[in-house]
Every structure is written in structure tokens, then in C-alpha cells.
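Undergrad: here is a sequence with its predicted model. Questions after.
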Amino acid sequence: MNLPRRIKRALRGDVSLRDLFLEALRLRRAANRRKIERAELEQIKKSPARLLPEFASLNTSEFLHHIRQRKTPSFLPDGKNEGAQIKKLQYELFSSETTKLIEQAKRIVNEKRWSLLGMGDLSFDSENFWRRDLINGTLWALDYHHDTKLVRGDGSDVRVLWELNRFGHALNLARAYLLTEDESFADEFFNQVENWQQQNPYGLGVNWACAMEVALRAMNLLTAFGIFRRSNSLNEKRLQELLKLFDQHGRFIYNNNEFSYISTSNHYLSDVIGLLWLGVLLPELEDAAKWRDFGLREMLKQMDKQVLPDGADYESSTGYHRLVTELFLYSFILCQNNGIDIPQRYWDKLRLMLEYVHAYLRPDGFAPLIGDADGGQILPFVKRDADDHAYLLALGAVVFNETKFKASLKEMPEEVLWLTGVDGVTTYQELSQISEPLHSSAFINAGSYIMRDGDLYLHFNANDCGLNGRGSHGHNDALSIEVSVNGLPFIVDPGSFVYNQDITARHLFRSTAYHSTVQVDDEEQNTTEINTPFVIGNEARPRVPVWETSSERDFVSAEHYGYKRLKNPVVHSRSVEFNKKEGYWYIEDDFSGKGSREFRFCFHLAPNLNVNEVDDGLIKVNDDANRFLLIKIFGLNSQFELKPVWVSRNYGARESSSSIFWMLKSQPPFQVSFLIVPPKLGESEEARLEFIKRIADKISNR
């Protein structure tokens, strides 16, 4: 990358000269720390865990006894801390899930197979599998972590390998152990940890190349260890090695955290929360208090910075909102369980984060995948699809004693039992399931506008690229819509599919053409470059001058400026009117500017839908059960076309689908509009078609 591009990339977003100066100093200090770390690598690898004097003075047998018998600190229940009650409730409330859980744990032990992201069950019995790329099979070298090149251009995907090395599957083994007391599950856990240590010496290789991954691995290992610490499979040697590993993880995160004066994201948040967990759950370590205090202080600072006033994460992604909500929610529960005070205003902000989830879930209970969605979970007690966010509301119902959060769910998820214990289950069960129906809502800071009435749902997206204009997980989706009717999503955001494995696919899934908006001259709304898959410009900067909502009508009007950078600038304005009484949406696209342009109008469809032209300019979209949506277009004489596209609900997996699009070559100013009409209770399809004709006549005569 040439110097002007480097400077432009560094200065993108809202960055002050002061922050640039401080960042330069920080980078110099970080480079000096790495010089020291390189020189000390061998010493760190050989050194035992650094313990506080009162614990270092114990012999290994005494220390093992202490770890096994201590009652605090704690996070999950273990064998003596309401474990019997947890076991009883798990079998009573989740009978079929329990059978599957134990079967999965046995498969991990006996077959070395478990599920990963959207890739299904994979085998992990090859040599050096912790460092072997799961896509092309190549082995990642043991270079110094800062020298490791994460994007290699060979089809490898570090995101998939990192998911394996987060040790999420250890929670499966731990829960199965608590339920069965089968020592083979504990033995497998300790064997895997020992094997991981052998393959990944401190500071070397891909699994030390990102502090966030080190932190998330520490959190999963800590949570599993909280159950396995009473196991007979834990001996003095294993305990010493495990504590050494935890000490190394804390040391690494503290010295290599991803703070930046220019921008912090879920990465730095994960770093400091990982330190908080290590400091709280392992008070025997010499640096525990330092990590705990630093982690707590920085976590709350990042909540102030990264969570917008309306409760949305500031990375312009519902997928990462789920991840960040998990980070805060689980950490607040950890602090509450261990007597660590969190000021009320942060609990209030956490509640706002859950309110945002509550509002954006579709009537089918799943989330629109706005922006990136890699399916990451902090503690995957239950493997969730990337668009499954409702379990967070169940936890919120318990934590905040909130009826409306429970009312959004059909049944209690397992996370309630494992994260809030027996008392949490009781609280959840005693909450009423009755709540007021959901209403339309606007999250102005997030640029998220939800129009809903009963089972009619439209999400209108007017967010910027995220991260205060720097962008990393945002997509080119300004003024795009998502529509769901009768519990069936029709028009959807496509998800993400992959990151580094396939750069072309990465850019395709975040492109303007893959979203239900308008593209001009094959240009992107925000600039992207093929070699920078986590950088996106902020030229669009959507603005919403009007938002109105009432019991009978919603209306939103917005515009974006992504095409003002063109030689002959164009401004795209879109308004959406929701007539709740008659049950339809009316969309107007207006364009101002100069010069002849080619405009592409697109609706990206969910999989397994049929598309047919009913009449001139009238399209029917339906599933095999004839749940349908009717789309009428005005101001375009061209025929619609269907293009094969993809939709991804999980990282690494995709389904074939199609998009409806129209092409128009014209010179602004002009207007194109769409009428989106779902079926109405008590009306036949024929009656709905007649209704469209009447509305169309009114629109044509305006």
C-alpha cells in the first residue's frame, strides 16, 4: 500500500491530531515491550505460575486441596455448589437436550469430533491439529506472534482456526461431567489442554497472534475449570500446568492488548474482560488484583464508548451487538456473583442493549443480520445460529425481572439454568408470559427503524459504517430493508459467509448489490478495497430527517451521500410508509443530481421462495405453502430480472437464493416507487390483488 493510501486509511473516521500523536507514542511503547518479550520468551515458557506468597508457600498437595475445596470465587455451579440441583433441573427441563449433550461429549472423547461454526462436525485427531488450518490443511508456523501474517491469500481462514482454539467445546465436556460424573470427560479436557500447551508455546504462532482470542480462550477454559476442579482427574501436575497457562494468558493480554487511541472495538473489550475474569476467578495469582481492577475499569469505560445512547453496539452489526451484549451480560453476572459492585448506570445501559435486541427480533424470533455476523459466542453453552439472539432476552428477563423479555420466547433456554442457577430458573418461571404487543420503534443512534404491527415487520437500515466512521464490520447497506410476514422472512440481509478464506465472497456479501437498496453505476455506497476486507469508507453517512409513528401509520424518510463522490454526484433518498390499517408498505426512491446513470433496484430474497409476475409490474413472491408477498413497481418500464445469490445464517455456510432487480438508465431528478403488500387476515389472494389495483390507481393519480 502506497504512502498516501496509508495516511488516508489511518485518518479515516473521526480522528483528532491529538489522538494520532498519542497513538504514535503508544505504538512506540508497544514495540519496546515486544523487544523485551522476545528476549524473555524462553524464560516465560519455563516459569511456573506466579502465585501470591500465601499460596506459593503451600506444597502441591495442599494447594490442590485448596483449589478443590474453595467456595469462592465462582461463576458456574459445580459439584458442591448447587450442582445436584442443576443436574436435577437439567434432566427435568431439558430431557432431549441432555441426551444430545452427553452424546456430543462422548463423541468428543471417543471420536475427537465436534461441531464448529456453520461447518458441521469436524475431526480433530490429526497431528498438530490446534495449528492446522481447517480449510486447506496447511500448518501455521510457530513464528513470534507479532510476525504472524493472518491474511495469507492461500485460502486459509484464521477465523475458523481461532474458533477451534477458543475451547468452546470444553463447556460441553464440563456440563456433561457435572451431569454424569464420568471422569472420561474430565480426563479428555485436561489431555486437550496439555496437548494445546505443547503445540502452542507462549507467544509463538497464530493462537497467540490476537489478544482477543487469548482472552476468549481463557474465559472458556476458566468456566470449564470451575466445574472440573473437583474432578479426580485433576492432579498436582495438571493443576500446576493449567495455572501456568492461565498466568501466561493474563500476562500476554495485559502486555499485548488491542487498545488504540484511534479506535477500540469488540477486540479490546474482549481483552479487558478476559483480564477481569482471570483476576476474579484466580485470586491466587500474583497479578490477579491488577488484572481484575484494570479489566473492570476498562470494561466500564468501553461500555461508555462502544454502546450508543440507544443501547446499540457502535460497530453497525447486529451480530456483533450479540457478541458485545454477551460480554457485558456474562461479566456483570460474574461480578454480581462475586460481590463486585457495578454502578447502576451501567446496569441501565445493559438493559438498553437488551431492549435493542427485543425490538429488532423479527416475529419468527430471529434477528436481521445487519453488517457482519460470524456467529461468535463468548460461552457457547448451546451452539446458536448467527441470527439466534432471543436467549439473551431470557437471561435479561431474570437479571432485570422483566416480563416483556420473557414474553418474546416460547420456552426457557438452557443458558438460564447454567448462568443464573436454580434461583434464576425460579425467577424465570414465576414471571408472567403476558405482555403488550410489540410496537414500531426507532433507534436513532443505531440508524435502525422497525415498523411492525402483529406479524408484519419491516426493518429500515440507516446506519453508517460503524466505529465512529472507521468501519470494520459494517456493510454497504444504507437505506436497505428487511421484510417478514406471517412468521416468514421474505426480504433479508445476506449475512457474511466468510472473511479471509475467500476475499471475493467477503466483498460480495457486504456489497451494495447484495442488499435491498439501490446501486448507481455498479459503484459501492462506501468505498472498499479488495485487499482490505475489514476496512470500509464512510461516504454514505445516512441522514434521517423524518420519523413518525402512530397506531395507524409509520413513516420514515432518509437519504445518503455515498454517490456524491462521483464525477456527477447523485443523492439517493428513500421513504417508507407503513399503513397499518390496510396492511402495506409504500416505498419511494428519489434521486437528485446530474448526468445519465444506470440504477439498479434490488430486493434480496430469503431462500426457498418462488417469484412470478402476476401482472404487468406486479410480482408475487411465495413459499411452497403459498405464504406470499406482492410487490408492485411504479416509474419503471423495464422487466424485473432474477439473479442467483447466496444467504448465510452461519459462518462458513450458505444457501442459494435469488434477488429481484430492475435496471434503469436515466438522468436525475426522477422517482421510482414500490408497493409491498402482504396477505391480510380474512382476505383472499384475489381480493388482495384487487386492493393493489385500487391503491395503484391512487398512487398513479398523485
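TA: Structure received.

Undergrad: show me where the stretch 501-650 of the chain has strands.
TA: Assigned by DSSP state E, counting those that start in this stretch, the strands in the stretch 501-650 of the chain fall at 518-520, 543-549, 553-560, 570-579, 584-593, 597-604, 610-615, 618-622, 628-634, 641-650.

Undergrad: and those strands: which comes nearest residue 120?
TA: Residue 120 lies closest to strand 641-650 among these, at 9.8 Å (C-beta to C-beta). (C-beta placed from N, C-alpha, C; glycine too.)

Undergrad: in its sheet, which strands sit next to the closest one, and in what direction?
TA: strand 653-666 (antiparallel) (DSSP bridges).

Undergrad: can I get the strand it pairs with in PDB, CA atoms only?
TA: Extracted C-alpha coordinates of strand 653-666, given in PDB (Å, rounded to 0.1, in the frame of the first residue of the first chain):
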ATOM      1  CA  ALA A 653     -22.200 -22.000   5.400                       C
ATOM      2  CA  ARG A 654     -24.500 -20.500   2.700                       C
ATOM      3  CA  GLU A 655     -27.800 -21.300   1.000                       C
ATOM      4  CA  SER A 656     -28.700 -20.500  -2.600                       C
ATOM      5  CA  SER A 657     -31.400 -17.900  -3.100                       C
ATOM      6  CA  SER A 658     -32.300 -15.100  -5.600                       C
ATOM      7  CA  SER A 659     -32.600 -11.400  -5.800                       C
ATOM      8  CA  ILE A 660     -35.200  -9.400  -7.800                       C
ATOM      9  CA  PHE A 661     -33.800  -6.500  -9.500                       C
ATOM     10  CA  TRP A 662     -34.600  -3.800 -12.100                       C
ATOM     11  CA  MET A 663     -32.200  -1.800 -14.200                       C
ATOM     12  CA  LEU A 664     -32.900   1.800 -15.300                       C
ATOM     13  CA  LYS A 665     -30.700   4.200 -17.200                       C
ATOM     14  CA  SER A 666     -31.900   7.700 -16.500                       C
END
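
Undergrad: show me how far the helix or strand following that strand is from its chain's centre.
TA: Toward the C-terminal end, the helix or strand that comes next after strand 653-666 (DSSP states H and E) is strand 670-677. Its chain's average C-alpha position is 33 Å from that of strand 670-677, according to C-alpha atoms, centre = their mean, to the nearest Å.

Undergrad: for strand 670-677, packing partners?
TA: strand 584-593, strand 597-604, strand 628-634, helix 685-700 (3 or more C-beta pairs under 8 Å, 6 or more residues apart in numbering; DSSP states H and E).

Undergrad: can you do 10 Å?
TA: Other helices and strands packing on strand 670-677, by 3 or more C-beta pairs under 10 Å, 6 or more residues apart in numbering; DSSP states H and E, are strand 480-485, strand 570-579, strand 584-593, strand 597-604, strand 618-622, strand 628-634, strand 653-666, helix 685-700.

Undergrad: tell me which of those lies nearest to residue 210.
TA: With C-beta to C-beta as the yardstick, what comes closest out of the helices and strands packed on strand 670-677 is strand 653-666 (23.3 Å).

Undergrad: got the buried residues for the closest one?
TA: With burial defined by 16 or more other C-beta atoms under 10 Å, the residues of strand 653-666 counted as buried are 653, 654, 657, 658, 659, 660, 661, 662, 664.

Undergrad: among the helices and strands packed on strand 670-677, which is nearest residue 137?
TA: Among the helices and strands packed on strand 670-677, strand 653-666 sits nearest to residue 137 (C-beta to C-beta), with 19.4 Å.

Undergrad: neighbours around residue 88, how many?
TA: 12 (other C-beta atoms under 10 Å).

Undergrad: would you say it is within a strand?
TA: No. Counting by DSSP: H, G, I helix; E, B strand; the rest coil, residue 88 is not part of a strand but helix.

Undergrad: report the separation between it and residue 178.
TA: 11 Å (C-beta to C-beta, to the nearest Å).

Undergrad: sketch out the low-pLDDT regions of the chain for me.
TA: 1-12, 78-81, 702 (pLDDT under 70).

Undergrad: at 80 instead, please
TA: Within the chain, the segments meeting pLDDT under 80 span 1-14, 77-81, 435, 700-702.

Undergrad: which helix or strand lies directly C-terminal to whichever strand or helix holds residue 217?
TA: Per DSSP H and E, residue 217 falls inside helix 211-228. The helix or strand immediately downstream of helix 211-228 is helix 236-256, counting by DSSP H and E.

Undergrad: what residues of that next one count as buried?
TA: Buried-residue list, helix 236-256, by 16+ other C-beta under 10 Å: 238-239, 241-254, 256.
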